[in-house]
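The sequence and its predicted three-dimensional model are supplied below.
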Amino acid sequence: MLTNAPLDMEYVRAQFPGLQSGWVFFDNAGGSQILKGAVERINTFLYEKNVQIGGSYEVSQAAAEALRQAREAAQLLVNAERSDEIVFGASTTVLMQNLAAAMRSQLSPGDEVVICVADHESNIGPWDRLSEFGIVIKTWPINHETLKLELSDLEPLMSERTRLVCVHHVSNILGEINPIREIADFVHARGARICVDAVAFAPHRAIDVQALDVDYYAFSLYKTYGPHTAVMYGKHSHLLELDTLYHYFYGKDKVPGKLEPGNPNYELAYSILGITEYLQQLGRRAGAAGKSPRDQIEAAFSAITAQENTLVERLLAWANGRDDVHLVGQGENTPGSTRIPTIAFTVDGWVPEALCREMDPKGIAIRHGDFHSRRLIEDLGLAEAGGVVRVSMVHYNTLEELDRMTRELDAVLDAARGGARQARAGGA
């Protein structure tokens, strides 16, 4: 649901107590600030329902009800058809490793899995390790001229033995939204399935797994305004096929419990209600009062996108205006708004870590490195230089915070450049 109403930034920032610290948080792709409502849900569970589910007594029944509500909240968040298509795990990395382990018996030597060089390692490593069982791993390259994934590069990798294609919805370095529905249609037409890492997408846009027609889709809540836990969606029919990761008496039909060994973390799962309620409140404030909960979430993300677009445009304008800053990724936000506010760059004469450390005493949190997308950094020839500088923003960030950062960066970069000129003049 589209809306033209702006975000109420005073309300938004009041929901994130961590923003009162005085720091400017531009490392949100590494972990966002947590919602007050999510923390309150965690506390409510721990204080009022902190027992094992499955008992006949009242508090155990309340704990089971809380877990049921958590699955329904996650179902709403991703627009799944069923709540038992939701699997909880400690992180996206763990969920992908569990998925690969549960899928292994369905794969035979000679079957093929396609991974993407631009993906986070969590959606590469678990599949790559299947090669020891005779599974053939193929790599979908990125176009070095456009820094985009091209279906023409995927086409020659597909065969009648291709079982799975693993891809990211957004690169946590390049920041470009991939056309997942188009990729899913392409993959399904060739008899394979698709597994999507959505970690870098989930904080920024409404997720609709049914519209995307994905088979598996995972993201981390600690990067989506919640605590350190994660969610995976899987089509119910596919989850039924997977092997159990739990005790022997958890049969294949025990979905999703068979994929949550030891049971999920109840209190962290329950926190999802704080996230969906916040998004619904944003949607109501953006003009969707009286609409369905799903419509409200879509309206919230429409307003979030508008706010984030202003941040993207301001930071890209700054980067494009300096001849010593080189963007890693698209230098503009296309009319379809395919750029999320995760922006990476290099700077002439600077090691990324050194530039980030210049911002530390100024209370501005940015980050350097490869962000566990090491294969992409190596593929782009940036590993030896220490990777990239990454500024990752979300909707609670403001233009004032961004301008503060760019002023500080300008001062540091210009001072260093002036010092270099003086040194050269002195040497002459």
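Right, received. Where do you want to start?

gap between stretch 323-343 and the chain center?
Remark: stretch 323-343 is offset 17 Å from the chain centroid, using C-alpha atoms, centre = their mean, to the nearest Å.

for stretch 110-122, that is, sorry about that
So, by C-alpha atoms, centre = their mean, the centroid of stretch 110-122 is 17 Å from its chain's centroid.

what's the pLDDT at the spatially most central residue of the chain?
Central residue of the chain (C-alpha atoms, centre = their mean): Val199, 1.6 Å from the mean position. With respect to pLDDT, Val199 has a value of 98.

Wait, a helix at it?
No - secondary structure of Val199 (DSSP: H, G, I helix; E, B strand; the rest coil): coil, not part of a helix.

Would you check how far apart it and Asn123 are?
9 Å (C-beta to C-beta, to the nearest Å). Glycine gets a C-beta too; all of them are placed from N, C-alpha and C.

And for Ile42?
28 Å.

what's the answer for Val389, then?
Applying C-beta to C-beta to Val389 and Asn123 gives a distance of 24 Å.

related to what we said a few turns ago, mutual contacts of Val199 and Asn123, please.
92, 168 (C-beta atoms under 8 Å, 6 or more residues apart in numbering).

before we move on, back to that, out of Ile42 and Asn123, which sits in the busier spot?
Taking neighbours as other C-beta atoms under 10 Å, Ile42 and Asn123 compare with Asn123 leading, 25 against 21.

residues in contact with the more buried one?
Asn123 neighbours (C-beta under 8 Å, 6+ apart): 92, 96, 115-116, 166-168, 195, 197.

Now do the same for the closest residue to Ala70 other than its chain neighbours: its pLDDT.
In space, and not counting its chain neighbours, Ala70 is closest to Ala269: 3.9 Å by C-beta to C-beta, 6 or more residues apart in numbering. The per-residue pLDDT reported for Ala269 equals 98.

what does stretch 58-73 contact?
So stretch 58-73 is in contact with 45, 48-55, 83-84, 86, 88, 264, 266, 269-273, 275-276, going by C-beta under 8 Å, 6+ apart.

what is the mean pLDDT for the helix or strand harbouring Asp403?
According to DSSP states H and E, Asp403 maps onto helix 399-427. Mean pLDDT, helix 399-427: 81.

all strands of the stretch 1-150 of the chain, in order?
Per DSSP state E, counting those that start in this stretch, the stretch 1-150 of the chain carries strands over the ranges 24-25, 86-89, 112-116, 136-140.

so who does Gly257 touch?
So Gly257 contacts 246, 250, 263 (C-beta under 8 Å, 6+ apart).

Go through the residues you listed and say which is closest to Ile137.
The closest of these to Ile137 turns out to be Tyr246 (C-beta to C-beta; 27.5 Å).

Just the pLDDT at the closest one, thanks.
Reported pLDDT for Tyr246: 96.

How many residues are close by it?
Neighbours around Tyr246, by other C-beta under 10 Å: 16.

The one 10 residues further on now?
The local packing count at Pro256 equals 21, with neighbours defined by other C-beta under 10 Å.

Does it touch Asp84 like I think?
Yes - counting by C-beta atoms under 8 Å, Pro256 touches Asp84, with 5.6 Å between them.

Quickly list what's touching both of the two.
Between them, Pro256 and Asp84 share these contacting residues under C-beta under 8 Å, 6+ apart: Leu239.
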